[in-house]
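>>> Sequence and predicted structure are below.
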Number of protein chains: 2
Amino acid sequence: MINKLVDKISTLNAPVVVGLDPMLAYVPEHIKRAAFEEYGETLEGASEAIWQFNKAIVDAVYDLIPAVKPQIAMYEQFGIPGLTAFERTCQYCKSKGLVVIGDIKRGDIGSTSGAYAVGHLGRVSVGSKSYSGFSEDFVTVNPYLGSDGVKPFIDICKQEKKGIFVLVKTSNPSSGEFQDQLVDGTPLYELVGKKVAEWGKECMGDAYSNVGCVVGATYPEMGKVLRKLMPKTYILVPGYGAQGGKAEDLVHYFNKDGLGAIVNSSRGIIAAYKQEKYESFGEQNFADASRQAVIDMIEDITGAIGKQ
Amino acid sequence: MINKLVDKISTLNAPVVVGLDPMLAYVPEHIKRAAFEEYGETLEGASEAIWQFNKAIVDAVYDLIPAVKPQIAMYEQFGIPGLTAFERTCQYCKSKGLVVIGDIKRGDIGSTSGAYAVGHLGRVSVGSKSYSGFSEDFVTVNPYLGSDGVKPFIDICKQEKKGIFVLVKTSNPSSGEFQDQLVDGTPLYELVGKKVAEWGKECMGDAYSNVGCVVGATYPEMGKVLRKLMPKTYILVPGYGAQGGKAEDLVHYFNKDGLGAIVNSSRGIIAAYKQEKYESFGEQNFADASRQAVIDMIEDITGAIGKQ
């Protein structure tokens, strides 16, 4: 799956991923109104609203980008109807040729991680049949439980030609509380990074591994070190835009081949119409505002890499 | 919510929780057959089978135990129908007066953790209304992202009088890979433990905090140290029984008041009928075997604590 992702990034010259993290507050009034008229102010109504919102944005940007990253929490908060909207979004994005990165940050003891891996990347057996519960191409994985919590995901990646991104250094302000702790002079995130590189050897694509990692855009110096430590690991970079990460900070997340990283923006794209810069589009044309924001983001990032 | 849990543990003299982690392989043939006859060998059929299996076990043991711990991965692997069985199981257990600990091990950056917290412990707003997406009493939380990934759960716990158990030292073989790394001579799990105790002060019940922790039964020496480090923190202890933890190893997870820990068994209870010890019950009477296994587990653990 990493080969498909790299191919699409190269072909489109777009090392970006759009985070489909729809808060109801981002959804334009006319979409909410229509959904609530049909389903009431219910979990079903909320889920219809975020699905219609996602669909319009995907229709407006799918030809520009290699991948989307739906954040499952934003759907899970609406219970079963929300998760139905998550699955529908994943399926729709795949039908548009997009690579789907499920931002699920799961991780547990071996047998339980196995169940998550089967549920999101593989197929679960029911009697003589088998089914996909959810059907992402990649998922994000939390490494706190160590190798035996991650390996079941890698096993399924090998079987199903899928991939994962393991959290190494997250973009949030307090990520350093545990991740930056020094172990014999080496920060924990580097130890995790080394493990990710080691796990990645088991599951290589052509130039990069199907085991990638997550390093926040908000910690560029650490990104630079990690890039060198794990040259064949693709880095998924959250935290650009709304969280404060800037394109010029991101150049060192890329290898000299111009590849090796894919930068996520969620709010900055899907709620672009709420920004002063794009407000002239108007709320009705929110998806066009998102398209323009994607074009600007690609230009911003490829421009910065070009100057490297 | 910790007060309710402690009261129930004291009243029943049963510091145990039954893990409802139904693998299809544990479900007796007659239940699977009935479910598949009605729904086919489908995700719906699998989910009906695990729901009927859970219900029978809950009916057989609910008067003996304070709490259940459904592991969401075992449901999530069956997609939407599986998660419907998860929610149905949670609701049913609550209707029987049981405290429900959702073993979800979520954790993300602030706004995203907020969505998980709202979805599992709180209420999500939809227009002028609000709803519970899922409705556990406690959930387990992964601390790798630091305070701002945990605080949103604590905020919801305060609002809704709910609780969490934060992973400190997990029961799996490779948990030490990162959790045991020494930071200035102190293992990471102790640093996490100290933080948990600190977070817990914000959200106290009477004698114990609504912010508990997870420490595996498979690491009793570490459990002993952590017990002293965090006297007001309830410890959820996985790893007893099938994973190898023994009752005599667990005495130091308890405080002198005989409280402070609740021990989980999943496979050992729900698949008891498959053990040699309980095979005389027969597959048809699997729930009676589970009841006997619960009685034996309570005796085993309270016996060991009594000898302390």
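Good, I have the coordinates.
>>> A:Val18 contacts A:Ile298, doesn't it?
No. Assessed by C-beta atoms under 8 Å, A:Val18 is found out of contact with A:Ile298, at 10.8 Å. Glycine gets a C-beta too; all of them are placed from N, C-alpha and C.
>>> Those two: who's more crowded?
Applying other C-beta atoms under 10 Å in any protein chain shown to A:Val18 and A:Ile298 shows that A:Val18 carries more neighbours, namely 29 against 18.
>>> on that earlier part again, common neighbours of A:Val18 and A:Ile298, please.
Contact criterion C-beta atoms under 8 Å, 6 or more residues apart in numbering or on different chains; residues shared by A:Val18 and A:Ile298: none found.
>>> Skip the chain neighbours and tell me the closest residue to the residue nearest the centre of chain A.
Against the mean C-alpha coordinate of chain A, by C-alpha atoms, centre = their mean, the closest residue is A:Lys69 at 3.4 Å. Beyond its immediate neighbours in the sequence, the residue positioned closest to A:Lys69 (C-beta to C-beta, 6 or more residues apart in numbering or on different chains) is A:Ile101, lying 4.2 Å away.
>>> wait, is the residue nearest to the centre of chain A part of a strand?
Yes. Following the definition DSSP: H, G, I helix; E, B strand; the rest coil, A:Lys69 is counted among the residues of a strand.
>>> And the pLDDT at it?
According to the prediction, A:Lys69 has pLDDT 98.
>>> now it: how far from A:Lys256?
When distances are taken as C-beta to C-beta, to the nearest Å, A:Lys69 and A:Lys256 turn out to be 25 Å apart.
>>> same question, A:Leu167
Here the distance between A:Leu167 and A:Lys256 works out to 26 Å (C-beta to C-beta).
>>> Tell me which of the two has more neighbours.
Neighbours were counted for A:Leu167 and for A:Lys256 using other C-beta under 10 Å; A:Leu167 has more, 27 against 8.
>>> Tell me which residues touch the more buried one, please.
When contacts are counted by C-beta under 8 Å, 6+ apart, A:Leu167 touches A:Lys105, A:Thr140, A:Val141, A:Asn142, A:Pro143, A:Val192, A:Cys213, A:Val214, B:Tyr144, B:Leu145.
>>> With distance to B:Thr11 and secondary structure added, can I get the residues you listed in CSV?
Converted to CSV, the contacts of A:Leu167 look like this (distance: C-beta to C-beta, whole Å; DSSP: H, G, I helix; E, B strand; the rest coil):
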residue, distance to B:Thr11, secondary structure
A:Lys105, 37, strand
A:Thr140, 42, strand
A:Val141, 40, strand
A:Asn142, 36, coil
A:Pro143, 40, coil
A:Val192, 44, helix
A:Cys213, 48, strand
A:Val214, 45, strand
B:Tyr144, 36, coil
B:Leu145, 37, coil
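>>> mind checking pLDDT for A:Lys246?
At A:Lys246 the predicted local confidence, pLDDT, stands at 86.
>>> What residues does it make contact with?
Listed by C-beta under 8 Å, 6+ apart, the contact set of A:Lys246 reads A:Ala217, A:Tyr240.
>>> next one: A:Asp21
With contacts defined as C-beta under 8 Å, 6+ apart, the neighbours of A:Asp21 are A:Pro70, A:Gln71, A:Met74, A:Asp103, A:Ser266, A:Arg267, A:Ile270, B:Thr112.
>>> and if we set it to 6 Å?
Residues in contact with A:Asp21 (C-beta atoms under 6 Å, 6 or more residues apart in numbering or on different chains) are A:Gln71, A:Met74, A:Ser266.
>>> One more: A:Ala46?
Applying C-beta under 6 Å, 6+ apart, one finds that A:Ala46 lies in contact with A:Leu24, A:Phe78, B:Val126.
>>> Quick check: the last one vs B:Lys4, distance?
According to C-beta to C-beta, B:Val126 stands 28 Å off from B:Lys4.
>>> Settle it for me: which of those two has more neighbours?
Comparing B:Val126 with B:Lys4 by other C-beta under 10 Å, the one with more neighbours is B:Val126, at 23 against 16.
>>> Just to check, that one is in contact with A:Glu44?
No. In this structure, B:Val126 sits apart from A:Glu44 without contact. The criterion is C-beta atoms under 6 Å, and the distance is 9.3 Å.
>>> Near chain B, which residues of the stretch 51-200 of chain A? Just list them.
Counting by C-beta under 6 Å from any C-beta of the partner chain, the residues of the stretch 51-200 of chain A close to chain B are A:71, A:73-74, A:76-80, A:83-84, A:105, A:108-109, A:112, A:115-116, A:118-119, A:124, A:126-127, A:129, A:131, A:133-134, A:142, A:144-148, A:170, A:172-175, A:177-178, A:181, A:183.
>>> Any of those residues buried? List them.
The neighbour-count test (16 or more other C-beta atoms under 10 Å in any protein chain shown) applied to these identifies A:71, A:73-74, A:76-80, A:83-84, A:105, A:108-109, A:112, A:115-116, A:118-119, A:124, A:126-127, A:131, A:133-134, A:142, A:144-148, A:170, A:172-175, A:177-178, A:181, A:183 as buried.
>>> Mind checking which of those residues are in helices?
Cross-referencing these with the helices (criterion: DSSP state H) gives A:73-74, A:76, A:79-80, A:83-84, A:112, A:115-116, A:118-119, A:147-148, A:177-178 as the overlap.
>>> For the closest residue to A:Asn210 other than its chain neighbours, give the beta-bridge partners.
In space, and not counting its chain neighbours, A:Asn210 is closest to A:Gly163: 3.9 Å by C-beta to C-beta, 6+ apart. Taking DSSP bridges, one finds A:Phe138 as the beta-bridge partners of A:Gly163.
>>> which residues touch A:Gly163?
Under the criterion of C-beta under 6 Å, 6+ apart, the contact partners of A:Gly163 comprise A:Met1, A:Ile2, A:Phe138, A:Cys157, A:Asn210.
>>> thought the third one was touching A:Ile101?
Looking back up the chat, that one is A:Phe138. Yes. Between A:Phe138 and A:Ile101 a contact is recorded at 4.4 Å, counting by C-beta under 6 Å.
>>> okay if I get the contacts of A:Asp21 as JSON lines plus distance to A:Tyr240?
Written out in JSON lines, the entries for the contacts of A:Asp21 read as follows (distance: C-beta to C-beta, whole Å):
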{"residue": "A:Gln71", "distance to A:Tyr240": "15"}
{"residue": "A:Met74", "distance to A:Tyr240": "18"}
{"residue": "A:Ser266", "distance to A:Tyr240": "9"}
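>>> Just name the closest of the residues you listed to A:Ala304, please.
Of all these, A:Ser266 has the smallest distance to A:Ala304: 19.6 Å, by C-beta to C-beta.
>>> what sits against that closest one?
A:Ser266 touches A:Gly19, A:Asp21, counting by C-beta under 6 Å, 6+ apart.
>>> Kindly recompute the last result at 10 Å.
Applying C-beta atoms under 10 Å, 6 or more residues apart in numbering or on different chains, one finds that A:Ser266 lies in contact with A:17-23, A:26, A:69-71, A:74, A:103, A:238-243, B:111-112.
>>> Filter these down to the buried ones.
Burial of the contacts of A:Ser266 was assessed by neighbour count (16+ other C-beta under 10 Å); the buried members are A:17-23, A:26, A:69-71, A:74, A:103, A:238-241, A:243, B:111-112.
>>> Assign A:Val18 to helix, strand or coil.
Here A:Val18 is strand, with the state taken from three-state DSSP.
>>> who does it bridge with?
A:Val68, A:Ser265.
>>> Looks like it contacts A:Gly241 (just checking).
No. Under the contact definition of C-beta atoms under 10 Å, A:Val18 does not touch A:Gly241, with a separation of 11.1 Å.
>>> Please identify every residue contacting each of those two.
By C-beta under 10 Å, 6+ apart, the residues touching both A:Val18 and A:Gly241 are A:Asn264, A:Ser265, A:Ser266, A:Gly268, A:Ile269, A:Ala293, A:Met297.
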